[in-house]
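Novice: Sequence first, predicted model second:
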Amino acid sequence: MAQEKNMTIIVTKGTLDWAYPPFILATTAAAMGVNVSMFFTFYGLQLLKKDLDLKITTLGNPGMAMPMAGTQMHMPNLIGALPGVDRAATTMMKNLIAKKGVASIDELREMAVEADVRMIACQMTLDLFEMKLDDMIDGVETGGAATWLDNALGADINLYM
Amino acid sequence: MAQEKNMTIIVTKGTLDWAYPPFILATTAAAMGVNVSMFFTFYGLQLLKKDLDLKITTLGNPGMAMPMAGTQMHMPNLIGALPGVDRAATTMMKNLIAKKGVASIDELREMAVEADVRMIACQMTLDLFEMKLDDMIDGVETGGAATWLDNALGADINLYM
Amino acid sequence: MAQEKNMTIIVTKGTLDWAYPPFILATTAAAMGVNVSMFFTFYGLQLLKKDLDLKITTLGNPGMAMPMAGTQMHMPNLIGALPGVDRAATTMMKNLIAKKGVASIDELREMAVEADVRMIACQMTLDLFEMKLDDMIDGVETGGAATWLDNALGADINLYM
């Protein structure tokens, strides 16, 4: 019998773009029979909310380029700072994702839950930012750094995202 | 006898918020008997300075929300770009951390040093940014990517933060 | 005979500063005889382009300080948002890197290719951002999350950058 494989992911980011890597890797690994646990901490806790309201910003990321009119468009910082521009960039990104047939974060998260990916919310961050477990999706556990370490010491892959 | 466990952390960020994850995980792991070495490189070198002057910014992070008046407040980019707003956000975060009884970065770093966490400053970054080992806390070694790799190849957990 | 060592790196960032850590670690590891595969996804795909046009920004990173006139200079957000300031900061950083004798990203990437570091471009991101393999350097393969996982499950070190 092949030995069981385990993966842990520490999820620290809470924006629309950075929500993809943890959920894509978690669902892919689960589909390949790997036991996955995700530890959501700092801004990553946003990804566990029942009502997802994720945004992106072009500020602070000159590596971001959106396909537009057949070319790649970068956004100058001064434009990116204007009110409404983040909302527009978020809408553009969501439209692009839908047009390309990529799953939404809601859908990927649902797939992860159904694949028995373990979801752990960082208790310290919940307290610090006064967030409530009631606002999170069902099936979320709470834990601390020691909870993650217990899993990570025996895991084959550990990622900090 | 149980086998010794080892963890390495590459620390690349130098802001108040991102200073927490490496020091929290390092001190928790050390308390659980894990040998920890931290490799500070790029902006992460800021975290080794004797005089810590860490800041946060709301810019470029629409996932950041501060608890305020019973709700969660996000900061528009145009407001975040005004002079003094980063200073105000940094003060708010520090007050929040103190109010919640979370240790300061100075305290966590002190705990890490006392728990014999190995602190390695990246020589290339020291040279590049013209930073001096004299400005760093005592007990810091210097090393390069090969120093980290030597540790990482035999470690149970390796994180890039 | 010593057992072969393997490392995987997921590369997600596409700015001038964050381009260094993956290529420095990959070339150092390859020089030490480690088999390295790099998986370029999201903004990290920028690093595979034939014509590199990498930038940095001071926005959203109050941990960035440039050596100037014998001291360390931080950039206020409002200044950082002005047109041309990112270009100036990028030029300053490139000059600093050249002055200090640090290799350029083009040179490090060339070294990685020559050391047989495996370069994999994320197919989903290529599709999403309408980027073409023709615009990438020679020798780049395409793959998905499962390609990375296949490598990572048997590797000694896995980093998400």
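Specialist: Everything's here; your move. If you're wondering where the values come from, they're calculated on a predicted model, not measured in any experiment.

Novice: How many residues are close by residue A:101?
Specialist: Neighbour count of residue A:101, defined by other Cβ atoms under 10 Å in any protein chain shown: 8. Heads up, the C-betas are built off the backbone N, CA and C, glycines and all.

Novice: and it, what element?
Specialist: For residue A:101, there is no helix or strand it lies in under DSSP states H and E.

Novice: List the residues that contact it.
Specialist: Counting by Cβ atoms under 8 Å, 6 or more residues apart in numbering or on different chains, residue A:101 makes contact with nothing.

Novice: Please read off the pLDDT at it from the model.
Specialist: Residue A:101 is assigned a pLDDT of 82 by the prediction.

Novice: ok, what's across the strand from the residue lying closest to residue A:154 once chain neighbours are set aside?
Specialist: Distance criterion Cβ to Cβ, 6 or more residues apart in numbering or on different chains; nearest residue to residue A:154, sequence neighbours excluded, is residue A:6 at 6.4 Å. Residue A:6 has the following beta-bridge partners by DSSP bridges: residue A:35.

Novice: mind listing what residue A:6 touches?
Specialist: Applying Cβ under 8 Å, 6+ apart, the residues near residue A:6 are A:34-37, A:151, A:154-157.

Novice: same check, this time on residue A:28
Specialist: Going by Cβ under 8 Å, 6+ apart, residue A:28 touches C:144-146, C:149.

Novice: rewinding a little: neighbour count, pLDDT and distance to residue B:137 added to the contacts of residue A:6, as TSV?
Specialist: Formatted as TSV, the contacts of residue A:6 follow (neighbours: other Cβ atoms under 10 Å in any protein chain shown; pLDDT from 0 to 100; distance: Cβ to Cβ, whole Å):
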residue	neighbour count	pLDDT	distance to residue B:137
A:34	22	97	40
A:35	17	98	39
A:36	26	98	37
A:37	22	98	34
A:151	19	96	31
A:154	11	95	33
A:155	21	97	32
A:156	18	97	35
A:157	22	98	33
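
Novice: May I see those organised as CSV, with distance to residue A:103 added?
Specialist: CSV is the format used below for the contacts of residue A:6 (distance: Cβ to Cβ, whole Å):
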residue, distance to residue A:103
A:34, 19
A:35, 22
A:36, 17
A:37, 21
A:151, 26
A:154, 30
A:155, 25
A:156, 25
A:157, 22
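
Novice: Now the helix or strand harbouring residue A:142: buried residues?
Specialist: Taking DSSP H and E as the definition, one finds residue A:142 inside strand A:141-143. Within strand A:141-143, the residues that count as buried by 16 or more other Cβ atoms under 10 Å in any protein chain shown are A:142-143.

Novice: go on, stretch A:122-139?
Specialist: A:122-126, A:128-129, A:131, A:136-137.

Novice: which of those are close to chain B?
Specialist: When Cβ under 8 Å from any Cβ of the partner chain is applied, the members of those adjacent to chain B are A:124, A:128-129, A:131.

Novice: can you list those residues in a markdown table and add pLDDT, secondary structure and distance to residue C:44?
Specialist: Shown next, in a markdown table, are these (pLDDT from 0 to 100; DSSP: H, G, I helix; E, B strand; the rest coil; distance: Cβ to Cβ, whole Å):
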| residue | pLDDT | secondary structure | distance to residue C:44 |
| --- | --- | --- | --- |
| A:124 | 91 | helix | 30 |
| A:128 | 88 | helix | 30 |
| A:129 | 86 | coil | 29 |
| A:131 | 89 | coil | 30 |
